[in-house]
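Asker: Got a sequence here, can you build the structure:
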Amino acid sequence: MTEIVVLGAGYAGLRTVRELSGTSNVHITLVDRNSYHYEATALHTVAIGTNEAEHITFDIQKAIPKDVTFKQDNVTRIDTQNKTVTLEKEATPLQYDYLVVALGFESEDFGIKGAATYGLPLQDIESAQAIRKHLEERLAAYNDSHDERDLHIIVCGAGFTSIELLGELVYRMPSLVEQYHLPADKIQITCLEAMPKILPMFDQKLVDFAVQFLADHGAIIHTSTPIDEVTDHSVISGDNVYEANTIIWTTGVRGSHVISDSHFDQKRNRVAVTSQLTMKDHPEVFIIGDSSAVPDPASGRFYPTTGQISIAQATHTAKNIKASIDGTPLSDFTYKSLGTVCSLGPTTGIAEIGDSGRIKLKGRKVALVKKMVNDRSIMEESGFANMMRNLS
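Answerer: Residues are numbered from 1 along each chain as shown. A predicted model of the protein is given here:
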């Protein structure tokens, strides 16, 4: 019996086990620290409170095929020499013939002073709920504290997630102002970004639309503003000090710490894999999703890590594992994006769809596209029943 171990039940891990299910003479074990899968691309909606955690999660055990063994546990180390995975709760390491590492991402602070201490990271359900709790508590406290910093919110970083989070924030802010009887003219939402431009994957006209939309709704983005330090009440960039009692940290992500803990050759906990998505010198180990760095054969640059590419990697990995078991050659991974959709709250956004982003959309119609993408993702990962539950 061939033992296949899959680490992580995110987009990549779930797709892998579903694609491998039913393979003869194979036993599949899936490991994840949670009993539930969460839609990582919707974490920002939970963080701002426009969505509840139960609407973007589903039970892993109910979503996976019957022939897959699920273990809820923390992965502590991967030993590629002995082909074992050490778990926190189990005394005996898992043995594997093939390993799929799909452990997901962690927040990246780039070593910036105070970021890990005072910034609120967005990396999982717990951190999203912590952001919402902190945000609502600071706003509610204003009427007693009269500290205007309670009305100031800073989002550090202007990446994809940051912009979607800002969109949710400006959408919900009017209701928060009304709920807590706040002075709307004193609310400040500030985003700080080190790079001179944001959302480089989009046409500039769409980016301009997004920036103007956010500005019209009270969120100002400062580009070319690298962060030097974060304190309990401020973010410092050069001679500028931006004050706020809510500081949300979305500057970027890195792969799982298990990668470095296992002494893999890595950068920011990402491993540069071969064109077959395998670890160099270990063709039985596949690394996909946020812990992998996958070269684009056309440009030589690494593909960006997205949910869409993680799913494509998982499908290709399952294909290559089956080929290896059958003794046939593995194929190179190629990827073609179906498009990119960036929400600006639940009712609007920007999108580029189709070959080379030939269809460009902005405004309210994008909200429908985003919902269709999310619903399709849920159905493909966990089945029709879970999709219908999330629609209700």
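Asker: Run a quick neighbour tally on K280.
Answerer: K280 is flanked by 12 other residues according to other C-beta atoms under 10 Å. Quick note: C-beta positions are derived from backbone N, CA and C, even for glycine.
Asker: Settle this for me: it is touching I287, isn't it.
Answerer: No - in this structure K280 lies outside contact range of I287 using C-beta atoms under 8 Å: 10.2 Å.
Asker: which residues do those two both contact?
Answerer: Listed as contacting both K280 and I287 by C-beta atoms under 8 Å, 6 or more residues apart in numbering are V273.
Asker: what residues are up against I131?
Answerer: 47-48, 120, 122, 248.
Asker: switch to 6 Å and redo it
Answerer: Listed by C-beta atoms under 6 Å, 6 or more residues apart in numbering, the contact set of I131 reads 47, 120, 248.
Asker: And for I350?
Answerer: I350 touches 206, 210, 342, 362, counting by C-beta under 6 Å, 6+ apart.
Asker: Now do the SS call for the nearest residue to it once chain neighbours are set aside.
Answerer: Spatial nearest neighbour of I350, excluding adjacent residues (C-beta to C-beta, 6 or more residues apart in numbering): L206 at 4.2 Å. Secondary structure assignment for L206 (DSSP: H, G, I helix; E, B strand; the rest coil): helix.
Asker: From R138, how far out is L206?
Answerer: Distance, L206 to R138, using C-beta to C-beta, to the nearest Å: 32 Å.
Asker: next one: M173
Answerer: Here M173 is placed at a distance of 13 Å from R138 (C-beta to C-beta).
Asker: Then C191?
Answerer: As judged by C-beta to C-beta, C191 and R138 stand 17 Å apart.
Asker: Looking at those two, which has the bigger crowd around it?
Answerer: Each of C191 and R138 has its neighbours counted (other C-beta under 10 Å); C191 has more, 26 against 20.
Asker: Need the phi and psi values for the more buried one.
Answerer: Recorded main-chain torsions at C191 are phi -120, psi 130, according to degrees, to the nearest 10.
Asker: Now stretch 271-285: buried residues?
Answerer: For stretch 271-285, burial by neighbour count (16 or more other C-beta atoms under 10 Å) applies to 271, 273-274, 276-279, 282, 285.
Asker: Check these and tell me the two furthest apart.
Answerer: V271 and Q276 (13.4 Å; C-beta to C-beta).
Asker: so T340 sits right up against G354, yeah?
Answerer: No - in this structure, T340 is not within contact of G354 by C-beta atoms under 6 Å, at 10.8 Å.
Asker: And the strands in the stretch 151-300 of the chain, which stretches?
Answerer: Ranges of strands in the stretch 151-300 of the chain, per DSSP state E, counting those that start in this stretch, are 152-156, 188-192, 219-222, 229-230, 234-237, 240-243, 246-249, 253-255, 271-272, 278-279, 282-287, 292-293.
Asker: what residues does whatever helix or strand L14 lives in touch?
Answerer: If you go by DSSP states H and E, L14 is part of helix 11-20. Outside helix 11-20, the residues that touch it by C-beta under 6 Å, 6+ apart are 6, 28, 30, 64, 68, 100, 102, 288-289, 307, 310-311, 313-315, 317-318, 381.
Asker: In strands, which of those residues appear?
Answerer: 6, 28, 30, 68, 100 (DSSP state E).
Asker: which residues does M201 contact?
Answerer: Counting by C-beta under 6 Å, 6+ apart, M201 touches T340.
Asker: sorry, back to before: pLDDT added to the contacts of I131, as CSV?
Answerer: Listed next are the contacts of I131 as CSV, based on pLDDT from 0 to 100:
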residue, pLDDT
A47, 98
L120, 98
I248, 98
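Asker: Make JSON lines from those residues and add distance to K197 and neighbour count to it.
Answerer: Shown next, in JSON lines, are the contacts of I131 (distance: C-beta to C-beta, whole Å; neighbours: other C-beta atoms under 10 Å):
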{"residue": "A47", "distance to K197": "25", "neighbour count": "27"}
{"residue": "L120", "distance to K197": "25", "neighbour count": "21"}
{"residue": "I248", "distance to K197": "21", "neighbour count": "26"}
